[in-house]
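Enquirer: predicted structure and sequence below. I'll ask about it afterward.
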Amino acid sequence: MDNSAFIHADEIRTRFSRTMSDMYRSEVPQYGTLMELVADINAATLDRDPALKTDLERTDDLERIDLERHGAIRLGTAEELSTMRRLFAVMGMEPVGYYDLSVAGVPVHSTAFRPVRDENLARNPFRVFTSLLRLELIEDETLRGEAAAILSRRGIFTDRALALIETFERTGGLDDAQANEFVREAVETFRWHGEATVDAGTYRCLNAAHRLIADVVSFKGPHINHLTPRTLDIDAVQAEMPERGIAAKDVIEGPPTRRCPILLRQTSFKALEEAIVFKGEASAEAGTHTARFGEIEQRGLALTRKGRALYDQLLASVRDEGGAGSAGQNYGVRLAKAFEAFPDDHETLRREGLGFYRYVLTDKGRQASAAGLDTSPMEALVASGHVAAYPIVYEDFLPVSAAGIFQSNLGGQEQRSYGSNASKDAFVEALGAPVQDEFEVYETAQARSVDAVREALRSSSQVSAA
Ligand code: OOG
Ligand code: NI
């Protein structure tokens, strides 16, 4: 096939995220209300802060500011996970990171399928937090066997979706009509089904083992359980959710409010109680199920391993106090207090090696022709104004935050203790491919920007020497 007829993976991802958004809004009307609130707050924030607007114009497509940045699904088997990897590959989304949530009493482990390179992220950063159920954590052997048998009987992908994935793998791309059909078919996998595939008794047993197990095992497929737009002021959205009739989660996950935002802050509205019908009982016994919710996020600087270690340490110092996690008294105040130890200006963050930055030649740097500049240390070039350093945005997730989001949507009584149970090897085996190390991804992005600056300086100093 003629390659020029292929639709770019970034474009397929964009079509996919739009179609998902439309579907989710029609399925979960409260999500539409949240989207409107986010759009209002974003507009007000930009009005108030012209510098932020200029910043966003430089780094981002301003028009896309209110659009979804991520969604989440939960899968039941290794085969589902590996096929999902192939499906996301069609849209340029690769597995990055490994998250063990069993530490927080949630029997899953996860990765994020996302675009990796700067140019692809800039076009559309949509990603999907993807969890795999860990049946081995179900204690009751009979129930474990039953859950596995139910899962082994389901096929979550349509035949056409599977055929188009194969076409993509064989030919290296999809044309316009194929891309549209692919999106239509792929979305079917994530649709909500109000009919459970199990009877009421089985549902109750699964639910008693863990509500998440019931959510994964009882349905035809992995319904998308939330979508998450980006907000420019998460504190404002959190404060206003109740005024718009949205039941907000108690606390914002992640770091506190700061001048220089770091990592990721998230909050959500509680999962809705939805009517479902059990197998074999058309109207006899209807039940309810809670799975689907809405979430918002605000992203900041990607931290180096050193920065992340400091973040983890400060967060733990607040969470471990009295063993109450984020439910303890004055959580927000204590969090802000603890994070006074985390530098809050980019100069210090960068010089202390706490965050990743993208280095760009300034106008002054472009005009300079002084020989020797190309070998000056980067620090000196920044100090002399030849080079600017911009924060690299964190594109991944945070396990403690993710656990908080899961918990808030499972209801307060859902506390299980699985202990630390990381099993990255098993996850990677199920996935059928390695997960990329998130720190290496940011390191590469930073190193590329340094190389580009060096290269530009080298060629201009050669011109001036000639
Ligand atoms: C995923 C929860 C985690 C996030 O943004 O950290 C998450 C789930 O509930 O399936 O989406
Ligand atoms: Ni999320």
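Expert: Happy to help now that I have it. Numbering: from 1, shown residues only. Ligands and ions are numbered 1, 2, ... in the order given.
Enquirer: what does the average pLDDT come to for stretch 223-234?
Expert: For stretch 223-234, the mean per-residue pLDDT is 94.
Enquirer: restricting to C-alpha, output it in CSV.
Expert: Provided in CSV are the C-alpha atoms of stretch 223-234 (Å, rounded to 0.1, in the frame of the first residue of the first chain):
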residue,chain,number,x,y,z
HIS,A,223,-16.2,-0.2,30.2
ILE,A,224,-14.3,3.0,30.4
ASN,A,225,-14.7,4.0,34.0
HIS,A,226,-13.7,7.7,33.7
LEU,A,227,-12.3,10.3,31.5
THR,A,228,-10.3,13.2,32.8
PRO,A,229,-10.0,16.7,31.3
ARG,A,230,-7.2,19.0,32.3
THR,A,231,-7.9,22.0,34.5
LEU,A,232,-5.7,25.1,35.0
ASP,A,233,-7.0,25.5,38.5
ILE,A,234,-7.9,22.3,40.3
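Enquirer: element containing the closest residue to ligand 1 within the chain, please.
Expert: The nearest approach of the chain to ligand 1 comes at residue 402, 3.4 Å away (Cβ to the nearest ligand atom). Glycine gets a C-beta too; all of them are placed from N, C-alpha and C. Per DSSP states H and E: residue 402 is located in helix 399-410.
Enquirer: tell me how many other residues crowd the residue of the chain closest to ligand 1.
Expert: Residues near residue 402, counting by other Cβ atoms under 10 Å, number 23.
Enquirer: which residues touch it?
Expert: Contacts of residue 402 were listed using Cβ atoms under 8 Å, 6 or more residues apart in numbering, and they are 99, 101, 110, 129.
Enquirer: pLDDT score for it?
Expert: For residue 402, the pLDDT comes out at 92.
Enquirer: please apply the same query to residue 415.
Expert: In this model, residue 415 is scored at 53, pLDDT.
Enquirer: likewise for residue 446?
Expert: 97.
Enquirer: related to what we said a few turns ago, of the contacts of residue 402, which pair is most distant in space?
Expert: The largest separation in these, counting by Cβ to Cβ, is between 101 and 129 at 10.5 Å.
Enquirer: who touches both of the two?
Expert: 110, 402.
Enquirer: residues in the stretch 1-150 of the chain within reach of ligand 2, list them.
Expert: Residues of the stretch 1-150 of the chain lying close to ligand 2 (Cβ under 5 Å from the ion) are residue 72.
Enquirer: which residues of the stretch 151-300 of the chain lie near ligand 2?
Expert: Residues of the stretch 151-300 of the chain lying close to ligand 2 (Cβ under 5 Å from the ion) are 228, 295.
Enquirer: okay, buried residues for stretch 430-440 please.
Expert: 430-431, 435-436, 438-439 (16 or more other Cβ atoms under 10 Å).
Enquirer: residue 218 is in contact with residue 197, isn't it?
Expert: Yes: with contact defined as Cβ atoms under 8 Å, residue 218 reaches residue 197; the gap is 6.3 Å.
Enquirer: can you give me the strands for this structure?
Expert: In the chain, the strands defined using DSSP state E lie at 68-75, 94-100, 108-114, 127-133, 226-229, 264-269, 273-277, 286-290, 294-299, 357-361, 387-391.
Enquirer: contact partners for whatever residue of the stretch 1-150 of the chain ends up closest to ligand 2?
Expert: At 4.9 Å from ligand 2, residue 72 is the closest residue in the stretch 1-150 of the chain, using Cβ to the ion. Contacts for residue 72 (Cβ under 8 Å, 6+ apart) come out as 128-131, 224-226.
Enquirer: repeat for residue 80
Expert: 132, 156, 222.
Enquirer: quick one: low-confidence parts of this structure?
Expert: Across the chain, residues meeting the criterion (pLDDT under 70) sit at 1-3, 59-61, 281-285, 369-371, 411-422, 462-466.
Enquirer: domain ranges for it, per the record?
Expert: For the chain, automatic domain parsing gives the domain ranges 3-299+395-435, 303-343, 357-391+437-466.
Enquirer: so how far is the first one off the chain centroid?
Expert: Distance of domain 3-299+395-435 from the chain centroid (Cα atoms, centre = their mean, to the nearest Å) equals 8 Å.
Enquirer: any idea how far residue 313 lies from residue 144?
Expert: Per Cβ to Cβ, to the nearest Å, residue 313 is found 37 Å from residue 144.
Enquirer: of those two, who's got more company?
Expert: Neighbour totals were compared for residue 313 and residue 144, and residue 144 leads with 16 against 12 (other Cβ under 10 Å).
Enquirer: so who does the spatially closest residue to the more buried one that is not a sequence neighbour touch?
Expert: Distance criterion Cβ to Cβ, 6 or more residues apart in numbering; nearest residue to residue 144, sequence neighbours excluded, is residue 138 at 4.2 Å. Residues near residue 138 by Cβ under 8 Å, 6+ apart: 107, 144, 147, 209-210, 213.
Enquirer: and if you look at residue 312?
Expert: Going by Cβ under 8 Å, 6+ apart, residue 312 touches no other residue.
Enquirer: residues in contact with the closest residue to residue 137 other than its chain neighbours?
Expert: Leaving aside its sequence neighbours, residue 137 sits nearest to residue 107 (Cβ to Cβ, 6+ apart; 4.1 Å). By Cβ under 8 Å, 6+ apart, the contact set of residue 107 is 101, 133-134, 137-138, 210, 212-213, 416, 418.
Enquirer: just curious, which of those is nearest to residue 331?
Expert: Nearest to residue 331 out of these is residue 101 (Cβ to Cβ; 20.5 Å).
Enquirer: isn't that closest one right next to residue 108, touching?
Expert: Yes: using Cβ under 8 Å, residue 101 is in contact with residue 108, at 5.2 Å.
Enquirer: what does this structure put close to ligand 1?
Expert: Neighbours of ligand 1 within the chain, by Cβ under 6 Å from any ligand atom: 72, 74, 129, 131, 225, 266, 397, 401-402, 405-406.
Enquirer: which residue is the nearest non-sequential neighbour of the residue of the stretch 1-150 of the chain closest to ligand 2?
Expert: With Cβ to Cβ, 6+ apart as the criterion, residue 72 has its nearest non-adjacent residue at 4.1 Å, and that residue is residue 129.
Enquirer: list the contacts of that neighbour.
Expert: Contacts for residue 129 (Cβ under 8 Å, 6+ apart) come out as 70-73, 110, 112, 397, 402.
Enquirer: for residue 391, same thing?
Expert: Taking Cβ under 8 Å, 6+ apart as the criterion, residue 391 is in contact with 260, 300-302, 346, 355-358.
Enquirer: please repeat the previous calculation with a cut-off of 7 Å.
Expert: The contact partners of residue 391, taken as Cβ atoms under 7 Å, 6 or more residues apart in numbering, are 301, 346, 355, 357.
Enquirer: dig out what it forms beta bridges with.
Expert: With DSSP bridges as the criterion, residue 391 is bridged to residue 357.
Enquirer: follow-up on the earlier one: same list (the residues of the chain next to ligand 1) but as CSV, adding distance to residue 27.
Expert: Below are the residues of the chain next to ligand 1 laid out as CSV (distance: Cβ to Cβ, whole Å):
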residue, distance to residue 27
72, 15
74, 17
129, 19
131, 20
225, 11
266, 21
397, 23
401, 25
402, 22
405, 19
406, 20
